[in-house]
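A.B. asks: Give me a model of this one.
(one chain, ligands or ions: 1)
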Amino acid sequence: MTDDSGDPAAGDPVVSDPGTDPDSPDDDASEALSLDRFHEALEAEERPVATASEVARRLGTSQAAARDALAALVDRGDVDRLDVESDPVVFYPTDWGRLATRERVVAFPDRREIVVDRPTQFTRARLSQFAHLVDTTGTDPGTRGYLYRIRQVDVWAAPFEDADGLIASLRSVLPRRFDHLEEWVRDQWRRAHRFRLYTHEDGYVVLQAASESLMGNVADQHLDESHLRAPISETEAWVNEDAVAEVKRALYDAGYPVDDDRDLDVGDPVDVDLTTDLRAYQETWVETFLDARSGVYVGPPGSGKTVAAIATIAAVGGETLILVPSRELAGQWREGLLEHSTIDPADIGEYHGGQKEIRPVTIATYQTAGMDRHRALFDSRKWGLICFDEAHHITAPIFSRSAELQAKHRLGLSATPVRETGSEEEIYTLIGRPIGADWDELFDAGFVQEPEVEIRYVPWRDEMARNEYASADGRDRRRLAAENPAKIEEIRYLLAAHRDKKALVFIEYLDQGEAIADALGVPFISGETPHHERAELFRRFREAGGNRDEAGGADDDLDDLDTLVVSRVGDEGIDLPNAELAVVASGLGGSRRQGSQRAGRTMRPTGSALVYVLATRGSSEEEFAQRQMRHLARKGIRVRETNVAE
Ligand SMILES: Nc1ncnc2c1ncn2[C@@H]1O[C@H](COP(=O)(O)OP(=O)(O)OP(=O)(O)O)[C@@H](O)[C@H]1O
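C.D. replies: Predicted coordinates for the structure are as follows:
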């Protein structure tokens, strides 16, 4: 576009007429230079930026006039200036600056991967609906790159009414259409809605297939007479009610997740209101759940899953069973319910080793609910809602039995859906599809404190220890690396360096736990610690002020318990809200799930959260530590590595 008249308004849609715009400086300089003419000057210079004297030369004006004209454009927001030390100031169109920070989306349709540089919040929110975040690169959120992948399960779980809605969302993010990819997505979507379970008006459960061939080729191939009692029609079969969970699992494994529309009675109503305002993402979780009537809230520890679950209990309003892995957690749930809702304390029952009450809201341990002698009681009810806390537990055989209990709504909570065995899909079959936010978004929004994780490679104490390791094999090797005595000194050092932080030291082997606890003069909690003693130590730890003495042990006030050595027993599900420092001294042969739980323990909304992972240098622990921590890094958590000097 050219502007021969010299009038910036003529034929120039970008710059408004200064004469009619009361906000624009009304002087000769701004009239002398339109944004278009500045563009021409840049083109002539063949550079993206220009100095005032270059503009003056190209436009045939004085340098002072060009400077004034550029200043007017800067005032108007059309041009930006960049002061480069010791060089003359350069100018460039504001739009170009925006381009440089704009997101860039690249799709690899064959791999079903999408790479986004500097994604906007909008793009990330969209992507998290139908793709899963595999990796991020870079630590600066401003320049971070994101790799997303669309898996089968992501399409199955996508929260849309129909495939068109999902495709529209996909198109809104991708730079152009990819027919092949869209076809694949549609195909996956179709698969997820081919089978349905519903309750016949006479009360029995029916499996309905979308076509005869699906019933004949898929259902009949994967199910037998223990699952299906008899055919009703070419597309329907009468389901053995005891085998509903198996039916769902078998079809899921065959690539056909089942819509569960069974009509189950709700028991005693639960009349409670939430007293805490939900955050926007929690509202989305609850709405998504209520639409699907099943699902797993997946978010980092501290992200508000429990509060969202309490909101769900209030919204469902039906008799509720909450399953938890330990008695400690049952107590915490009771407190959470009382804190965040108007529930009458008399309406909360606990059902475990200690007490056995069934109330409108019953909190039971998986253990007790799965036991044969109690199971019938839980089985005989049709719950309005079952909430599976720490949902990854239910894949272990003892817990999976409780997953077969009947419920109108099934809700799982999990911070760590990934398991080494790849059975994350099993959680979703048994409970429902994952519902969650992008972890990065939660960190970015400040809802969850991002912990710093540091792997510290500890040398062997001496040549003898190193040689012993070299000549040992198998389990002995792993144990020697885990128990490397040099770690005790390292723990002492770390505790002293963070004297104001309450600390948990995690160990795998009991002997090592005792040795560390002895050396530090602090208690050691293991599976052998009696329940009441454990509860008392946790109480003291929760109430402690966090101020360790020189030796790294407890401070002068003996009641002030700010350091605990904990074995596996403290590893899962037990909530120690004020642990600001975690040292993982051993246990690196474990699974990714453990890695993220340990790190997760300290991911709390308040206080700084530091996790040190000790790995013996030159042992298999190095590799384990890196693998676990890569898993965390993928979740957007900063991981550092340090070599401890010999
Ligand atoms: N909407 C909210 N408004 C204010 N505080 C909230 C909200 N949601 C959660 N919190 C607070 O954030 C903290 C963590 O919440 P919550 O216990 O629900 O997280 P979680 O994801 O269940 O954690 P974990 O996995 O460790 O059990 C709690 O102190 C809770 O009171």
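A.B. asks: Surely residue 127 is in contact with residue 149?
C.D. replies: No - counting by CB atoms under 8 Å, residue 127 does not reach residue 149; the two are 10.2 Å apart. For glycine as for every other residue, the C-beta is placed from the backbone atoms N, C-alpha and C.
A.B. asks: Name the residues contacting each of the two.
C.D. replies: residue 114 (CB atoms under 8 Å, 6 or more residues apart in numbering).
A.B. asks: Compare neighbour counts for those two and give me the winner.
C.D. replies: Applying other CB atoms under 10 Å to residue 127 and residue 149 shows that residue 127 carries more neighbours, namely 24 against 15.
A.B. asks: Next, that one: secondary structure please.
C.D. replies: helix (DSSP: H, G, I helix; E, B strand; the rest coil).
A.B. asks: Just give the closest residue to it, not the sequence neighbours.
C.D. replies: residue 148 (5.1 Å; CB to CB, 6 or more residues apart in numbering).
A.B. asks: how many other residues sit next to residue 58?
C.D. replies: Neighbour tally, residue 58, other CB under 10 Å: 18.
A.B. asks: So for the host helix or strand of residue 41, mean pLDDT?
C.D. replies: Per DSSP states H and E, residue 41 falls inside helix 35-45. The predicted model gives helix 35-45 an average pLDDT of 80.
A.B. asks: Figure out how far that helix is from the centre of its chain.
C.D. replies: 48 Å (CA atoms, centre = their mean, to the nearest Å).
A.B. asks: gap between the helix or strand following it and the chain center?
C.D. replies: Later in the chain than helix 35-45, the nearest helix or strand by DSSP H and E is strand 50-51. Centroid separation for strand 50-51 versus its chain: 47 Å, with CA atoms, centre = their mean.
A.B. asks: And strand 50-51, what does it pack against?
C.D. replies: Secondary-structure packing of strand 50-51 (3 or more CB pairs under 8 Å, 6 or more residues apart in numbering; DSSP states H and E): helix 35-45, strand 90-93.
A.B. asks: ok so, going back, beta partners for the residue nearest to residue 127?
C.D. replies: Beta-bridge pairing of residue 148, defined through DSSP bridges, involves residue 114, residue 133.
A.B. asks: What is the burial count for it?
C.D. replies: Other residues close to residue 148 by other CB under 10 Å number 25.
A.B. asks: And residue 240, by the same measure?
C.D. replies: Residue 240: 18 neighbours (other CB under 10 Å).
A.B. asks: residues in contact with it?
C.D. replies: Per CB under 8 Å, 6+ apart, neighbours of residue 240: 226-229.
A.B. asks: again, only using 10 Å
C.D. replies: 204-205, 223, 225-230, 246-247 (CB atoms under 10 Å, 6 or more residues apart in numbering).
A.B. asks: Any chance you could list what contacts the strand or helix carrying residue 182?
C.D. replies: For residue 182, the host element (DSSP H and E) is helix 179-191. Helix 179-191 is contacted from outside by 107-110, 112, 114, 130, 150-156, 158, 160, 162-167, 170-171, 174, 178, 210, 214, 218, 254-257, using CB under 10 Å, 6+ apart.
A.B. asks: Which parts of that helix count as buried, going by neighbours?
C.D. replies: 181-182, 184-185, 188-189, 191 (16 or more other CB atoms under 10 Å).
A.B. asks: Need the per-residue pLDDT for the nearest residue to residue 244 once chain neighbours are set aside.
C.D. replies: Spatial nearest neighbour of residue 244, chain neighbours left out: residue 205 (6.3 Å); criterion: CB to CB, 6+ apart. We have a pLDDT of 91 for residue 205.
A.B. asks: For the residue in the stretch 401-550 of the chain that the ligand sits nearest to, which non-adjacent residue is closest in space?
C.D. replies: Residue of the stretch 401-550 of the chain nearest the ligand, by CB to the nearest ligand atom: residue 415 (4.7 Å). Leaving aside its chain neighbours, residue 415 sits nearest to residue 301 (4.8 Å; criterion: CB to CB, 6+ apart).
A.B. asks: now, which of the contacts of residue 240 sits nearest residue 510?
C.D. replies: The nearest member of the contacts of residue 240 to residue 510, counting by CB to CB, is residue 246 at 38.6 Å.
A.B. asks: Phi first, then psi, for that closest one.
C.D. replies: Main-chain dihedrals, residue 246, degrees, to the nearest 10: phi -70, psi -40.
A.B. asks: what's the nearest residue to it if we skip its chain neighbours?
C.D. replies: residue 227 (5.9 Å).
A.B. asks: was I right about that neighbour contacting residue 239?
C.D. replies: Yes - here residue 227 reaches residue 239: they are 6.8 Å apart, a contact under CB atoms under 10 Å.
A.B. asks: which residues do these two both contact?
C.D. replies: Residues touching both residue 227 and residue 239 comprise 207, 246-247, with contact defined as CB under 10 Å, 6+ apart.
A.B. asks: Please pick the buried ones from those residues.
C.D. replies: 207, 247.
A.B. asks: of all the shared contacts of residue 227 and residue 239, which comes closest to residue 620?
C.D. replies: residue 246 (38.6 Å).
A.B. asks: residues in the stretch 401-550 of the chain within reach of the ligand, list them.
C.D. replies: Residues of the stretch 401-550 of the chain lying near the ligand by CB under 6 Å from any ligand atom: residue 415.
A.B. asks: actually the chain, not the one I typed
C.D. replies: Residues of the chain lying near the ligand (CB under 6 Å from any ligand atom): 276-279, 282, 299, 301-307, 415, 575, 605.
A.B. asks: Drop anything exposed from those.
C.D. replies: Using 16+ other CB under 10 Å, the buried ones in those are 278-279, 282, 299, 301-307, 415, 575.
A.B. asks: okay, residue 227 and residue 239: which has more neighbours?
C.D. replies: For the pair residue 227 and residue 239, the greater number of neighbours falls to residue 239 (25 against 19), based on other CB under 10 Å.
A.B. asks: hmm, back to that, ok, of the contacts of residue 240, which come out buried?
C.D. replies: 205, 223, 227-228, 247.
A.B. asks: Tell me which of the residues you listed fall in strands.
C.D. replies: 205, 228 (DSSP state E).
A.B. asks: Please name whichever of the buried ones among the contacts of residue 240 scores lowest on pLDDT.
C.D. replies: Among the buried ones among the contacts of residue 240, residue 247 has the weakest pLDDT, 87.
A.B. asks: quick one, what contacts the nearest residue to that one once chain neighbours are set aside?
C.D. replies: Nearest residue to residue 247, sequence neighbours excluded (CB to CB, 6+ apart): residue 227, at 5.0 Å. Each residue near residue 227 by CB under 10 Å, 6+ apart is listed here: 207, 219, 237, 239-240, 242-244, 246-247, 250-251.
A.B. asks: Cool, thanks, talk later.
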